[in-house]
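> Need coordinates for the following:
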Amino acid sequence: MTPFGEKLRALRSERGVSQKAMAEAIGVSAAYLSALEHGRRGAPTWTLIQKIIGYFNVIWDDAEELARLAETSHPRVKLDTSGLSPAATELANVLAENIEKLDEAALRRITASIRAALKQP
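Okay, here's the model as predicted:
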């Protein structure tokens, strides 16, 4: 499941909405919505994100968060380290080879560490 899929499922659950009802309302299939929630589809288009925001009547910061989560929810990430330092290539490869071995706490620590190094929120 992607961060976007997790948030989407939480929004549906909080409001008691089925995948089928939501899918019909925003013009996609229930199978697509399920795949989006489970991370079997890539990040949604900007248009679909706007439909979801409108469907749930999400405003301001919550709408921005949903859009940000969609941008960071590509389930198949490709990294091109050509032209970068050997350390960058090593980091990309170590992560690619071992990410499935990390528990949630370790993943959150690593993500926080990278964000801190980038000085991002």
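> How about the helix or strand of the chain with the lowest mean pLDDT, which residues are buried there?
Ranking every helix and strand in the chain by mean pLDDT, DSSP states H and E puts helix 60-71 at the bottom, with a mean of 89. Under the neighbour-count criterion of 16 or more other CB atoms under 10 Å, helix 60-71 has 63, 66-67, 69-70 buried. (Glycine included, C-beta is placed from N, CA and C.)
> Run through who's touching it.
Residues outside helix 60-71 that contact it (CB atoms under 8 Å, 6 or more residues apart in numbering): 2-4, 7, 43-44, 46, 49, 52-53, 58.
> at 10 Å instead, please
For helix 60-71, contacts defined as CB atoms under 10 Å, 6 or more residues apart in numbering pick out 2-8, 11, 36, 42-46, 48-50, 52-54, 56-58, 121.
> Just name whatever secondary elements the host helix or strand of A25 is in contact with.
Per DSSP states H and E, A25 falls inside helix 19-26. Using 3 or more CB pairs under 10 Å, 6 or more residues apart in numbering; DSSP states H and E as the contact test, the elements touching helix 19-26 are helix 3-15, helix 30-38, helix 46-56.
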